[in-house]
Each structure stands twice: as C-alpha cells, then as structure tokens.
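> my questions concern the predicted model and sequence given below.
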Amino acid sequence: MRAKKCFGQNFLKDPFILEKIVQVSAELLQGQKLIEIGVGLGDLSERLLSLSSLTTYEIDADLCSFVLQKFSSRKFAHPFSLVHCDVLSIPFSIDSSSSLPKEVAKQTLRITASDDKKSRVESKQGWLANEPYILVSNLPYNIATRVVLNLLHDPLCEGFVVMTQKEVALKFCADNLSSDFCALSVIAQSAGEITLLFDVGKESFEPMPKVTSSVFTHKKFKDFTHIESGFESMLKAAFSSPRKKLYNNLLPIFQKIEQKNLLDKIFAQESIALNARPHQISTQKYHHIYNTLKDFYE
C-alpha cells in the first residue's frame, strides 16, 4: 500500500516504537473509550486492540478498504470501528456537544470480536466521542497542531498519546524560559500535565520523512472544564512578537480600554520585569494577568 503525500502519510513500521506507544497508552487508559486518528496500515490499531475497544478515524478511502480487508479474517479481543471521514470536518463546540454529520455517520463501519460484518453505528456527540476518551495516534504532520488543540479544548478528552513533528512537540511541551515556550505551551499546561517522551527517527517510517518525530502525552486535570477564549486572545497578543518585550505586546490591549495603569500594576504585583520576553513568564503568571484583566477585557 503506497502512502499519499496529499494526506501527509508516513507509515510507522518500527515494532519497537509501536510497542512503546502501546505501553504508554496502557498506563493512561483507565476505562475510557479509546480513539485513534489515522489507521495507517493497521499496525498501531492492531496493537491497541489488545487494550480496549477502538474507534479509528481515517480520511483515505483506500486505506480504509485495505485495513478492513486485512482485519476481516482476524479475531480481536475487543470491538473495532473504522470511520471514514476527515476529523477536522467534524463540528466541534467547546460549549455544547454537536453530532457527526449524517454523511459521516453513514460511512462508519464496525468489526467486533464476535461479528466481522460491516454495520452502521449511531452518530456521536461532541468532537470524537460522547463519553470520556483517550486518543492515541501517529498524527499526520499537516494536521497535528489543529488536532492537538481540539483535544486540549475538548473536556471529554481525558488524555492523549500522540506522535508529531519534533518541532511541534517541543512547542506544546516547552517550559517557560525555554525558547520554544509559546502560546501552545501555555494552553497545554492550562489543561493538564504534558510530558515529552521520546524521539522517533526518520528510519522508523515508510516512506521516510524529512524530519524527526517525537511522542508526547497529556493528561487532563480532573477539574478541567474549558479554556476561555479571552485567555487565548490575550496569549495571541502576548506572543505576537516573541522576541519583543511582553509589556509592549500587551500594551495595546490595555490602551484600548484606557487601563495602562492596570498593566503597570499587574507587572509590579507579579514581579515581572518591564523588559521580560513572553517566553520568560510562567503559565501561572499568564493566568494571574488574565484574571486581573478579564473584567475589562473584551
């Protein structure tokens, strides 16, 4: 089966890496629904089915047919569902659940341990499930950031183990004072505990990509509900010019609401130097800034 560039496909073939991902997933999985994005050649899916029932989303119809044929004569300990659709086309709302489009639901196929016949399943609530879930995936590079952001925002996603381009992983997993620390890092830390696990070399894939990949995991805080849009807007302003002073990046917001003195007060209260750069401020302090600001912001 040939990989398609248009879908950003690089098939993970290294059995050692596959097993490491499954081991990490087993530690994170505590009875939640298990979901995967991108079925590939079915190598990771097959191993994940040793842990739990699995629902996999795949945009490539040819891969769906390939894996369904590959799995048709096999018996698994848990049910397997394959959904043919683009996950980024599935409506997602932070405030309220939305169901899969009818045309997507019609393309949902299931293979169970006791019955390998194809059958349609009901539309689901939320982004990828209507119940708490864990996602495990070797994400296509071209959609990785958008997918991870959706997972971070979705309160039903209680955690994930993903592989992305190393550059993307470093941004999500960076601590403040690191040059990689950015708005993505703050959002990830605001939603839960994030851990960079290990790198995966180019030779582990077919075809071989041009970049190194990394696997990282995220576990949501138990009391997580949502990330406020105003907070994200503030972060966008704060990191708009990463090499410039944070004070200057935030100043237009406060000038707009005629509260420049408030910005000065916040910096003094939080002991933030006026020449501090955005990456030098902790996630906690960004929340302190926003909590003081939000009565005036927006």
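Received it, and whenever you're ready, just let me know what you need.

> can you list the low-confidence ranges for the stretch 1-150 of the chain?
Scanning the stretch 1-150 of the chain with the threshold set as pLDDT under 70 gives 93-126.

> where do the strands sit along it?
Taking DSSP state E, counting those that start in this stretch as the criterion, the stretch 1-150 of the chain contains strands spanning 11-12, 33-37, 54-58, 80-84, 108-111, 133-138.

> tell me the most buried of those strands?
Sort these by mean neighbour count, taking mean count of other C-beta atoms under 10 Å, and strand 133-138 sits at the top with a mean of 27. No exception for glycine: its C-beta is placed from N, CA and C like everyone else's.

> sheet partners, orientation included, of that one?
Partners of strand 133-138 in the sheet, by DSSP bridges, are strand 33-37 (parallel), strand 157-165 (parallel).

> dump that strand to PDB, restricted to CA.
This file holds the C-alpha atoms of strand 133-138, laid out as PDB (Å, rounded to 0.1, in the frame of the first residue of the first chain):
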ATOM      1  CA  TYR A 133     -12.000   9.100  25.800                       C
ATOM      2  CA  ILE A 134      -8.200   8.700  25.400                       C
ATOM      3  CA  LEU A 135      -6.700   9.400  21.900                       C
ATOM      4  CA  VAL A 136      -3.600   7.600  20.700                       C
ATOM      5  CA  SER A 137      -2.300   8.500  17.200                       C
ATOM      6  CA  ASN A 138       0.600   8.900  14.900                       C
END
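
> list of residues touching it?
Residues from elsewhere that reach strand 133-138 (C-beta atoms under 8 Å, 6 or more residues apart in numbering): 10, 12, 21, 25, 28-29, 32-38, 40, 44, 48, 128, 147, 151, 156-163.

> hmm, try it at 6 Å
Residues from elsewhere that reach strand 133-138 (C-beta atoms under 6 Å, 6 or more residues apart in numbering): 12, 25, 28-29, 32-38, 151, 157, 159-163.

> please compute how far it lies from its chain's middle.
Here strand 133-138 shows a centroid-to-chain-centroid distance of 9 Å under the convention C-alpha atoms, centre = their mean, to the nearest Å.

> next one: stretch 167-183
On C-alpha atoms, centre = their mean, the centre of stretch 167-183 falls 15 Å from that of its chain.

> list the buried residues of that stretch.
Using 16 or more other C-beta atoms under 10 Å as the burial criterion, the residues of stretch 167-183 that qualify are 168, 169, 170, 171, 172, 173, 174, 176, 181, 182, 183.

> for the one helix or strand residue 264 maps to, which positions count as buried?
Under the criterion of DSSP states H and E, residue 264 resides in helix 260-269. Neighbour-count burial for helix 260-269 flags 263, 266, 267 (criterion: 16+ other C-beta under 10 Å).
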